[in-house]
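Colleague: need the 3D shape of this:
(one chain, ligands or ions: 2)
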Amino acid sequence: MVSISKNKSVFSWEYSPAPESKDHIKINDRYELFINGKFIKPQSKKHFDTINPATGEKISEIALAGEKDVEAAVKAAREAYTKTWKKMPAKERAKYIFRIARVIQERARELAVVESIDGGKPIRESRDFDIPQAANHFFYYAGWADKLDFAFPNKKPTSIGVCAQIIPWNFPLLMAAWKIAPALACGNTVVLKPAETTPLTALKLAEIIRDCDLPPSVVNIITGDGSTGEFLVNHPGVDKVAFTGSTEVGKRIQHSLAGSSKKLSLELGGKAAHIILDDAPIDQAVEGIINGIFFNQGHVCCAGSRLYLQENIAYTVIEKLKHRMQHLIVGDPLDKNTDIGAINSKAQLDKINHYLNVGVEEGNEIFQPDCNIPAKGLFCKPTLFLNVAQSHKLMQEEIFGPVLAIQTFRTIDEVIEKANNTPYGLSAGVWTNTGSRIFGLSSKLKAGVVWANTYNKFDPTSPFGGFKESGFGREGGLHGLMPYLQFD
Ligand code: NAP
Ligand code: MG
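Modeller: Ligands and ions are numbered 1, 2, ... in the order given. Okay, here's the model as predicted:
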């Protein structure tokens, strides 16, 4: 049912609650480590809780892998690599990967609900973006498994060995897919560590992998905290480390691997410039800006968190943006109408609130819509900061929340200089009606991905990755095979 509210500055629809059902979901009270094709108790004898950030309630207890558990997982992955996976004909490997993709599709509804409960993202996103994209990555790389000899002309690629893969909490199943699918297609075995606050869909993936009869130990999934990740990357039995997470931890990993023969790829933080030129389609651009920063509560490494508006259209865009923000629905992640769900953890909400204070202290003008946010759980209103200086922390540092810092510019040279004035270089966005301006800007912006007249669009066939302190190595597409292969 919908009713029309006059509470806001404009008429707006108010929707009755439309929560996705949880009846079909089975979440165990306790999850163990997935090693050697089985769920086994951790030798550390430790477990930790995973909670629902929208309610604060405990969902399940999760095993914490210690040093001995990491040792067991790496040993198992090594054995599976030398005895089974490396030797298996590529077309047979492809069948397993394809099977995983199919079962993710079959269990998509369940996975979407679990993802939203554990991480706080709106069901609309987990249902329409995360889970279908995760299945698509497995489908895509299943296709490459038996074509590697044709992928790189005049080269003979071979697998690397045991891959340690560490992922963050913002796209839990999707990041697991980005890591596992190309590694398996290239003939490697895997030890994956999901983030502490969002382990559940990785553990569901472990069930899927077991049910798909993947040979034991080809994929091992070990849950834990930062220390688990540290043991894993530093284990001498690991041949390759693939890490997605913060630049801080990425740098630490790079230091610790220096001088070793381990291969490394890093997908790190970002502070993307979203540039709107004066000939842009304004209404579409406003939708793009909203999607760029408020999608997934701004928990997106490539979020368009710095908005650059050409001066003569700035007023119009900001007014339309504020109007649009009045209609965003912040609340229950399981409600199909929710635009902005829960912030993933208390630590992340504290970090965002810290930056909201910094923004005010720096003297910037703040705007938040009049929307209500739930009294219980971890939530944050979408926020704009206007007239932000290039030197301000809000323009320089990654916040990883629904907070947008806005500046204006006059010339294209000026905006290129401002956009590139950051240690990061993951992504950027450009809105204009002029094709030549798109090509001009995208060739000068130092960012791994530049979206034109759209934002936050992904496809398994398209490579993704950073420049500068946003990391190196690519995931997705043909390029995404390279970090998992060695060439004679
Ligand atoms: P994080 O703190 O760096 O954690 C990432 C992962 O590393 C987690 O699994 C974490 O475990 C683990 N970890 C922590 N300390 C470690 C250590 N010393 N050695 C090895 N592993 C360690 O990052 P986050 O806060 O989870 O994620 C947010 C960051 O990820 C943002 O900066 C974002 O931009 C970036 N990100 C980048 C991309 C990309 O593609 N470039 C994609 C998504 C996210 P715990 O969870 O137990 O701490
Ligand atoms: Mg959780």
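Colleague: what distance separates the start and the end of stretch 461-468?
Modeller: Its start and end residues considered, stretch 461-468 measures 23 Å (C-alpha to C-alpha, to the nearest Å).
Colleague: repeat for stretch 212-227
Modeller: 30 Å.
Colleague: same check, this time on stretch 161-174
Modeller: 23 Å.
Colleague: centre of the chain to that stretch, how far?
Modeller: Counting by C-alpha atoms, centre = their mean, to the nearest Å, stretch 161-174 is centred 10 Å from the centre of its parent chain.
Colleague: that one close to ligand 1?
Modeller: Yes. Stretch 161-174 is in contact with ligand 1 by C-beta under 6 Å from any ligand atom, via Ile166, Ile167, Pro168, Trp169, Asn170. (C-beta placed from N, C-alpha, C; glycine too.)
Colleague: ok, stretch 110-121 next?
Modeller: No. Judged by C-beta under 6 Å from any ligand atom, stretch 110-121 and ligand 1 are separated, with a smallest distance of 11.0 Å.
Colleague: so is that stretch next to ligand 2?
Modeller: Yes. Stretch 110-121 comes into contact with ligand 2 (C-beta under 5 Å from the ion), by way of Asp118.
Colleague: quick check: mean pLDDT of that stretch?
Modeller: Taken as a whole, stretch 110-121 has an average pLDDT of 98.
Colleague: what's in contact with that stretch?
Modeller: 20-22, 24-25, 27, 50, 52-54, 59, 104, 122-123, 126-127, 130-131, 134, 169-170, 172-173, 197-201, 204, 296-297, 299, 333-334, 341-344, 378 (C-beta atoms under 8 Å, 6 or more residues apart in numbering).
Colleague: buried subset of those residues as a PyMOL selection?
Modeller: To isolate the buried subset of the contacts of stretch 110-121 in PyMOL, counting by 16 or more other C-beta atoms under 10 Å, use the following:
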select buried, resi 20+27+50+52+53+54+59+104+122+123+126+127+130+131+134+169+170+172+173+197+198+199+200+201+204+296+297+299+333+334+341+342+343+344+378
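Colleague: residues near the closest residue in space to Ile167 that isn't next to it in sequence, how many?
Modeller: Computed as C-beta to C-beta, 6 or more residues apart in numbering, the closest residue to Ile167 that is not its neighbour in sequence is Met175, at 3.9 Å. The number of residues packed near Met175 is 28, by other C-beta atoms under 10 Å.
Colleague: what secondary structure does Met175 sit in?
Modeller: helix (DSSP: H, G, I helix; E, B strand; the rest coil).
Colleague: was I right to think it contacts Phe243?
Modeller: No. Met175 sits out of contact with Phe243 when judged by C-beta atoms under 8 Å, with a separation of 10.5 Å.
Colleague: which SS class is Val430?
Modeller: Under three-state DSSP, Val430 comes out as strand.
Colleague: what is the burial count for the nearest residue to Ser44 once chain neighbours are set aside?
Modeller: Excluding its sequence neighbours, the residue lying closest to Ser44 (C-beta to C-beta, 6+ apart) is Gly66, at 3.2 Å. Neighbour count for Gly66, taken as other C-beta under 10 Å: 18.
Colleague: what residues are up against Gly66?
Modeller: Pro42, Gln43, Ser44, Lys46, Gly224, Ser227, Thr228, Phe231.
Colleague: and the second one, that one's in a strand?
Modeller: No. Secondary structure assignment (three-state DSSP) places Gln43 in coil, not in a strand.
Colleague: please pick the buried ones from the contacts of Gly66.
Modeller: Using 16+ other C-beta under 10 Å as the threshold, Pro42, Gln43, Ser44, Gly224, Thr228, Phe231 are the buried ones among the contacts of Gly66.
Colleague: angles on the backbone of the second one, please.
Modeller: Note on Gln43: backbone dihedrals following degrees, to the nearest 10 are phi -70, psi -20.
Colleague: what's the distance between the nearest residue to it once chain neighbours are set aside and Ser260?
Modeller: Leaving out its chain neighbours, the residue that sits closest to Gln43 by C-beta to C-beta, 6+ apart is Lys68, at 4.2 Å. Noted for Lys68: a distance of 22 Å to Ser260, by C-beta to C-beta, to the nearest Å.
Colleague: and Leu203, by the same measure?
Modeller: In terms of C-beta to C-beta, Leu203 sits 30 Å off from Ser260.
Colleague: out of the two, which sits in the busier spot?
Modeller: Using other C-beta under 10 Å as the criterion, Leu203 and Ser260 rank with Leu203 on top: 25 against 13.
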